[in-house]
Each structure stands twice: as structure tokens, then as C-alpha cells.
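> structural data only, the sequence is not supplied:
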């Protein structure tokens, strides 16, 4: 029996949980602060662990293949490893999303963090390129799951009127994590590239605190109590009125994430091969990509709050459409013509600001789905886009010449146009307060 088949007399378990509308920080409860801290730290370490590889991909894969870093095999194998990571991210979103709905948000959060911390650390011991591929795939299972669980945790505990700003703060945690990854690579530039993966073990230290101090949400407990042990599954996402929401969010995420991740991966490889830096040492180039990633993340944080400001005034749907169009033009201008290092970095900052669109997904998507399908729906639709991103990372790389990856990112930018068009069909809701007609 699915959620939609409950007897009419049964309480409506699909309605979003009632969340207070506290207007001031001092009015928030200790539980809200703890859940916010847990989700923010989880996302911070998400960003740390997910980008350690992109920062050292070229030198580490060259070391594993025992070839020169300019060998075409390096880019090919590096892109396959990144593709495996994105596939794992997609599958992890679905798998841990189901656990989040079945076991609770707090328990699932602990499992996701342990998973990505363990296998990121094990990447240090990779002895062949396919070892690294397996470890990155397994680490990604936890990273993909943490997104859905953390987003649902906050959407069920924090006030609705805070959601646009909360989305910006939460997404900024990922950006801070990426900057920490960049700083780690910068500090460890003189060590073997594999050394940075040992930093990825740090998130495991926070799981004990989460289990002791972060309770399950009232919304999840209430939905479980009213469900009479009915456990909706992934197939319920494609039934009833939820089906349209599922397909639209899945397609918007697939197009936008494929374009975004093609840029995030290939832009760093492109910087390493610009004519301006060809005479630099490997250590100097590693420092460059670390500094470029920090620049991107600072711009992304600004973009997160810009997106929140726009969403407060224009609504989620129009903001998502507007930023997708902006992302397309930013990539077109940045990589439509050859640029020197300074010009490339300046325009990459503009691209980074447009990535604020993904902050909006954080708080917009979970309430679209019934409570007992919340992490399943958000995790499945958002993270299944990683499958498209995985294919896109490899596919767009085929359009590149050795050392010049402009075409890969230029062509990937066109994916934001269908994302914007489909975004116009998404439902709008008032700061996350959905009517039952959307979520039942």
C-alpha cells in the first residue's frame, strides 16, 4: 500500500509539518540550533571531501598511471574516476534518502558522514587508477545521501520564513568546505598528491555529537505514527500528483548539474594548461588551482545570498530560471574566446556567483514531497542528476583538445537553457509553505 492509498479517514500524513515562524534568532530553540549546526557541518565536510580529488586529479592520476601529466590518458582516466564519483553520488542520494525516511534524519546523517569520511581516507592507499575509482564511488554514496538528509532535517525544524536565507547559509557550508579543501592542497603542495585524502577522515569525529545531541524531527515522528507502518517507496514518486513534480525536478537537476559539474571539473584542468602557466612548476600550478577554487567559492557564497535575496522577492521558480540563464551566458562569455590567466579567473568568479541557483534547490525541493517521501524524493531527484553529470563530464571532455578545455565548458553551458525552460513549469510556493495539492 502506498501513501496515496490510505483510507480517507486516516490523518493526512502528506501535509508538511507545522514549523514555527520565529522572526528573531533569539527565538529559535536549542533543537533548531543543533539541527542547523549538524546539517551545516555535514555539508561543510561534504564540500571538503568532494573536491579534494578535483584539485589533485591530474598529478595523482598521472602518478597512478606512471605517465607524464600531459599524456592524454591522464585526462581520460581522470574523467572516468570523476564520473564514477558522480554515479555514486546519485545512487547514494536514493539509498540514504530511503534510510532517512525509514530510520530518521539524525540516524541517516550519521551513516552518510561515516561513509564518505571512511572512503575518502582510504583513497590515500590507492595503488592503481581503478582503486581510486572504487574509493571515490563509495565515498560519493555518503556525500549524495548527506545532501538529502541534511536538507530534510532543516526543512522540518527551521521556520518557513527563514528558508531562502537558510538555503544560502547551508549551501555556503559546501563552499567553505571546498575552500578548506583548496587550503589543504595549498598547504600540502610539497607532499605527494594522495596526502590530501587523509584530511577527509576528519568528518568522522562529529558523528558522536550528532547522535547525542540531534533528535529526530517532530514531523518525521508524527508522520511515522500516522502511517500505520506504511512505508512508501521510490515508485510512489511516479504516482498521483507527485509524479509531475518528480519528473520536472529530476530534469531540471539533470540538465543544470551536468553543465555545472562539467565546468567544475574541466575548469581546473584548463587552468593548469593555460599558456601563461606552462613554464610553471607542478607545485606552482597546484597552488594556482587551489587559489582559483577559493576564488570560485567566495564568488559562490556571494551568489548564494544573491539567490536568496532574489527568491525572497521574486519566488523560487523565477529565481531558478533567472540564474540558469545567467549561468549559460557566464560560461559563453568566459570560454567563448581564448583568455589569459587574469581574464579567465575574473570571469570564472562570475560563473561561481551564478551557482547560487543550487542553494535554492536546498530548501525548495524537500517540501515538494510528502513527509515520508521527503528525503527519498529530494535525494532521488537532485542526485539522479549526478548520473547526467557523470556522463556529461566524460562526454564534453571529448570535445576538448589536449590542454584546451574551453569547448567542453562552452558546450556544457547550453544545458542550462533547457533547465531554465523546464524551471518555468515548476510549482511556486510561498517560502516553502506548500499546499496539500502539491504534496499529496
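Now that the structure is in, tell me what you want to look at. Just so it is clear, the structure is predicted and the values come from calculations on it, not from any experiment. Residues are numbered from 1 along each chain as shown.
> CA only for contacts and neighbour counts going forward, please
OK.
> where in the stretch 251-400 of the chain is pLDDT low?
Across the stretch 251-400 of the chain, the ranges flagged by pLDDT under 70 are 385-386, 389, 392-394, 396-400.
> go again with 80.
Scanning the stretch 251-400 of the chain with the threshold set as pLDDT under 80 gives 265, 269, 282-283, 286, 362-363, 366-367, 370-400.
> which stretches in it count as helices?
282-314, 316-335, 341-354, 357-364, 374-397 (DSSP state H, counting those that start in this stretch).
> out of the ones you listed, which gets nearest to residue 139?
With C-alpha to C-alpha as the criterion, residue 139 lies closest to helix 374-397 of those, at 14.1 Å.
> what's the closest of the helices of the stretch 251-400 of the chain to residue 40?
Using C-alpha to C-alpha, the nearest of those to residue 40 is helix 357-364, at 12.0 Å.
> just the angle between the closest one and helix 282-314, please?
Angle, helix 357-364 to helix 282-314, by axes from the mean of the first three to the mean of the last three C-alpha atoms, to 10 degrees: 50 degrees.
> could you measure from residue 331 over to residue 299?
With distances taken as C-alpha to C-alpha, to the nearest Å, residue 331 is found 15 Å from residue 299.
> scratch that, residue 55
Residue 55 is 18 Å from residue 299, by C-alpha to C-alpha.
> which one's more surrounded, those two?
The neighbour comparison of residue 55 against residue 299 (other C-alpha atoms under 10 Å) goes to residue 55, with 27 against 21.
> quick one: contacts for the more buried one?
Applying C-alpha atoms under 8 Å, 6 or more residues apart in numbering to residue 55 gives the contacts 182, 185, 268, 286, 289-290.
> before we move on, what SS does it have?
Secondary structure for residue 55, judged by DSSP: H, G, I helix; E, B strand; the rest coil, is helix.
> how close does it sit to residue 184?
Applying C-alpha to C-alpha, the value for residue 55 to residue 184 is 10 Å.
> same deal with residue 242?
Residue 242 is 43 Å from residue 184, where distance means C-alpha to C-alpha.
> also residue 305?
Taken as C-alpha to C-alpha, the span from residue 305 to residue 184 is 26 Å.
> between these two, who's got more neighbours?
Comparing residue 305 with residue 184 by other C-alpha under 10 Å, the one with more neighbours is residue 305, at 23 against 19.
> thought residue 91 was touching residue 383?
Yes. Taking contacts as C-alpha atoms under 8 Å, residue 91 lies within contact range of residue 383: 7.3 Å.
> find the residues that touch each one of the two.
In contact with both residue 91 and residue 383: residue 144, using C-alpha under 8 Å, 6+ apart.
> out of these two, which sits in the more crowded spot?
residue 383 (31 against 24).
> in which helix or strand does the closest residue to the more buried one other than its chain neighbours reside?
Counting by C-alpha to C-alpha, 6 or more residues apart in numbering, residue 90 is the residue found nearest to residue 383 once chain neighbours are left out, at 4.2 Å. Element membership for residue 90 (DSSP states H and E) is helix 72-103.
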